[in-house]
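[1] Coordinates for the following, if possible.
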Amino acid sequence: MHPKYKLKEAVDSLYRYNYVNPEAYTRLVLDCVRFSDAHQAKRLQSHMDENLYEPNTTFIHNRLLDVYAKSGKLLDAQNLFDKLPQRDIFTYNAMLKAYSKTGSVDELQRLFIDMPSRDFVSYNTVIAGLASRGLARDALKVFVKMQKEGFQATGHTYVSVLNACSRVLDLRHGKQVHGKIIACGLLSNGFICNSLTDFYAKCGEINAARCLFNLMSNKNVVSWNSMISGCMKNGLPEECLELFHEMKLSSIKPDMVTVSNVLGAFFQTGKIDEAHKLFTEVEDKDVISWTTMISGYVQNGKEEDALMLFSKMLINNIKPDKFTISSVVSSCAKLASLFYGQTIHTKAIHMGVEKDTLVSSALVDMYSKCGQPSQAREIFNTINTKTIVSWNSMILGYAQNGKDLDSLILYEEMLKDNIKPDGITFIGVLSACIHEGLTEKGEKYFLLMKEKYGILPNLDHYAGMINLYGRSNRIEKAIEMIKCMPLKPNSLIWSTLLSVCKLKGDIEHAELAARHLSEVDPLNAEPYITLSNLYAVNGRWKDVASMRKLMNNKNVKKFAAFSWIEIEGKVYKFVSEDRTHPESKLIYRRLNEMIRRLVESGFSPNKDLVLHDVGDDEKFESICYHSEKLALVYGLIRKGEGKQPIRILKNIRVCGDCHVFMKFVSRIIGRKIVLRDSNRFHHFVDGSCSCKDLW
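    This is a model prediction of the structure:
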């Protein structure tokens, strides 16, 4: 028979025979303490109350309080404490433990102040309780008071104080505590040495942490975890993996804390296969390891793997938390998968985490990147405590979806809410200025970023200004900025300049940008293709041939342009003049019918955009059967005559002819079309586009 069942039977017998037995009470209350059985302790207390039994000492009641405290039964502990006729130091300490266990820090501090006397246990309990609840500075004040009152700190005291110093990164006080530990001869204590290692690692003193770690004679899994997680916190994933290898050689078995840190290190170093191998080897995976894998996949461009792993997690009955949900929502955002994004949103609501700031900010970003800025704003409005991440998600979301003035208005609202902008905020603001052609306003924000908020512009900000100047016919100003900026121009800078030169038909400066882009990114096909296209528009077919020959000689590969559409959770991919789809005959028939209908309404395929020296018939087929047109028609076939928007994604910038085509279709069929290309979202409604034909 299980001992806990024997305890229940013994308490049952008290009720059955209903007699007072002080010796039995003492024995049974000790059993309640041994088994941490708060339920039987409550029954025992009730029996004593019903029989009006009052112990001569505080021993029994103190033990009952201790059981309630360890079990987190604050109400039971409070009720017993309030009616006790006599109390001693042990009574108060048990009540302090109850407050500490349940996180009732106000009551903890109030009782500590009101106590008639204190001992080292009182101090240790309060220090540990405050430190564990993030009130590190209050914990340090109590530690100072403890010393002033002449109480000797114990190993538990030092562990709690170091934990407090770690939380607020208080290196000065932590070093003082280190000195006291050495003076007391406690440095050999494994718990204390682990806490010191963890403290120094969290404060960025990784070398000091490593020295302490190396001095430990009996390292346990906590020792290794302190050092491994310390390396991760200090941006040293390679060192983390080296330690993990050493740990395995030392025959110390890793736990889930180790695994989660090492998985993160594998992902940070791009070792995705190694992460997958380690994850599959672990038998009892916890939610942290699952979440680390999912977020690692998302960070490394493996969004589909992240979604599959999330499904597997649910199948294995592992309950996700808010961090899991936010990571999965981010994968949906990167895939622009509205279907799965809405599914995860429903899951978040079911779990009750949809209003968590982390999750709601991710949902705002997801709906924005799925071309649903109105839905994103609805969620944004429900966030009670908006962080800079929340504001940035919405500001960028508006800018991506052609609601540029709304983006700038929201920026001003953010300032009124006393939220300080960061570098990402200004990327969104500059993007809005680019789309609206607000050059002077963009210049003002760029200067404001540096002069008022002390944010040093990065290459993304400079690229935004180059784009802004280029679109406003100030190419020379853009080039001057490149020459004067303190950062070395990378492929983003030269690619941006090249794009605006292409937009303006500026061959001279395009050649300059292409030359620099080829130098910093030799295998990038963009400079060759862009120059080739510019030459073709101007009828310079010899130069076009020269570019193509140069690409072949340098073994530069052009990546394929494609479009895709998601229908009921399944993705359908198309390339230009694609005939691999099982329903391609129907798709082409419907597309040709659509083209004839549009031509009757005034649409004329722009064959001048075909950048090949071929005949008109070939040009017509080339321009009319682009991938986004095929995806659109298939979407119309599958989605019938409803009013739901047709959503298409393309991996490169949409061409001018397809842009005009989409506008005509949106007017003729009376249906919204949302097209996300590599540059931005295009919302086609009743013959107009949200980009105002500037993209």
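[2] Give me the longest helix you can find in this structure.
    helix 584-600 (DSSP state H).
[3] Buried residues of it, list them for me.
    Buried residues in helix 584-600, defined by neighbour count with 16 or more other CB atoms under 10 Å: Ile587, Tyr588, Arg590, Leu591, Met594, Ile595, Leu598. Glycine gets a C-beta too; all of them are placed from N, C-alpha and C.
[4] With stretch 210-218 instead?
    Arg210, Leu212, Phe213, Met216.
[5] What of stretch 86-105?
    Buried residues in stretch 86-105, counted by 16+ other CB under 10 Å: 87, 89-102, 104-105.
[6] Next, count neighbours for Lys444.
    12 (other CB atoms under 10 Å).
[7] Quick check on it: phi, psi?
    Backbone geometry at Lys444, expressed as degrees, to the nearest 10, gives phi -60, psi -50.
[8] same for the one helix or strand His683 maps to, what does it pack against?
    Element membership for His683 (DSSP states H and E) is strand 681-685. Judged by 3 or more CB pairs under 8 Å, 6 or more residues apart in numbering; DSSP states H and E, strand 681-685 is in contact with helix 656-669, strand 673-676.
[9] Nearest approach to Val329 belongs to which of the ones you listed?
    Of all the helices and strands packed on strand 681-685, it is strand 673-676 that lies closest to Val329, at 17.2 Å by CB to CB.
[10] So what are the sheet partners of that closest one and their directions?
    strand 646-650 (parallel), strand 681-685 (antiparallel) (DSSP bridges).
[11] mind putting those strands in JSON lines, distance to Tyr462, mean neighbour count and mean pLDDT included?
    JSON lines is the format used below for the strands paired with strand 673-676 (distance: least, CB to CB, whole Å; neighbours: other CB atoms under 10 Å; pLDDT from 0 to 100):
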{"stretch": "strand 646-650", "distance to Tyr462": "27", "mean neighbour count": "25", "mean pLDDT": "92"}
{"stretch": "strand 681-685", "distance to Tyr462": "24", "mean neighbour count": "23", "mean pLDDT": "92"}
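[12] Tell me which of those sits nearest to Val67.
    Val67 lies closest to strand 646-650 among these, at 59.5 Å (CB to CB).
[13] pull the CA atoms of the closest one into CSV?
    Provided in CSV are the C-alpha atoms of strand 646-650 (Å, rounded to 0.1, in the frame of the first residue of the first chain):
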residue,chain,number,x,y,z
ILE,A,646,-7.7,36.9,-55.3
ARG,A,647,-4.2,36.8,-53.7
ILE,A,648,-1.1,36.2,-55.7
LEU,A,649,2.6,36.4,-54.9
LYS,A,650,5.5,36.9,-57.2
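[14] re earlier: Leu649: which of the buried residues of stretch 210-218 is nearest?
    Lowest distance from Leu649 to the buried residues of stretch 210-218 (CB to CB) belongs to Arg210, with 47.6 Å.
[15] List the contacts of the helix or strand harbouring the closest one.
    Using DSSP H and E, Arg210 maps to helix 206-215. With CB atoms under 8 Å, 6 or more residues apart in numbering as the test, helix 206-215 has contacts from 193, 196-201, 219, 223, 226-227, 230-231, 234, 236.
[16] Over to stretch 374-387?
    Residues contacting stretch 374-387 (CB under 8 Å, 6+ apart): 355, 357, 360-361, 363-368, 390, 393-394, 397, 417, 419.
[17] and Met313, how many neighbours does it have?
    Burial measure for Met313: 20 neighbouring residues, criterion other CB under 10 Å.
[18] The residue nearest to it when sequence neighbours are not counted: how many residues sit nearby?
    Nearest residue to Met313, sequence neighbours excluded (CB to CB, 6 or more residues apart in numbering): Trp290, at 4.8 Å. Using other CB under 10 Å, the number of residues around Trp290 comes to 25.
[19] mind checking how far Trp290 is from Met232?
    From Trp290 over to Met232 the distance is 18 Å, taken as CB to CB, to the nearest Å.
[20] do Gly264 as well
    Distance, Gly264 to Met232, using CB to CB: 6 Å.
[21] Neighbour count for the two, which is higher?
    Each of Gly264 and Met232 has its neighbours counted (other CB under 10 Å); Gly264 has more, 21 against 18.
[22] which residues touch the helix or strand hosting that one?
    Here Gly264, judged by DSSP H and E, is contained in helix 256-268. By CB under 8 Å, 6+ apart, the list of residues contacting helix 256-268 from outside reads 221, 224-225, 228-229, 231-232, 237-238, 240-241, 244, 247, 254, 272, 274-275, 278-279, 282, 284-286, 288-289, 292-293, 296-297, 299-300.
[23] Spatially nearest residue to Pro421, not counting backbone neighbours?
    Ranked by CB to CB, 6+ apart and with sequence neighbours excluded, the top spatial neighbour of Pro421 is Tyr453, at 6.2 Å.
[24] Low-confidence ranges, this structure, go.
    Filtered on pLDDT under 70, the chain yields the residue ranges 1-3, 606-622, 695.
[25] Can you show me the strands along it?
    Residue ranges of the strands in the chain, as given by DSSP state E, are 562-567, 570-575, 646-650, 673-676, 681-685, 688-689.
[26] Same list (those) but as JSON lines, adding distance to Glu205.
    Formatted as JSON lines, those follow (distance: least, CB to CB, whole Å):
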{"stretch": "strand 562-567", "distance to Glu205": "49"}
{"stretch": "strand 570-575", "distance to Glu205": "49"}
{"stretch": "strand 646-650", "distance to Glu205": "47"}
{"stretch": "strand 673-676", "distance to Glu205": "46"}
{"stretch": "strand 681-685", "distance to Glu205": "47"}
{"stretch": "strand 688-689", "distance to Glu205": "55"}
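[27] follow-up on the earlier one: of all the helices and strands packed on strand 681-685, which lies closest to Leu497?
    Minimum separation from Leu497 across these (CB to CB) falls at helix 656-669, 20.6 Å.
[28] Can you check what angle separates that closest one from strand 646-650?
    Using axes from the mean of the first three to the mean of the last three CA atoms, to 10 degrees, the inter-axis angle of helix 656-669 relative to strand 646-650 is 180 degrees.
[29] How much space separates His581 from Val328?
    29 Å.
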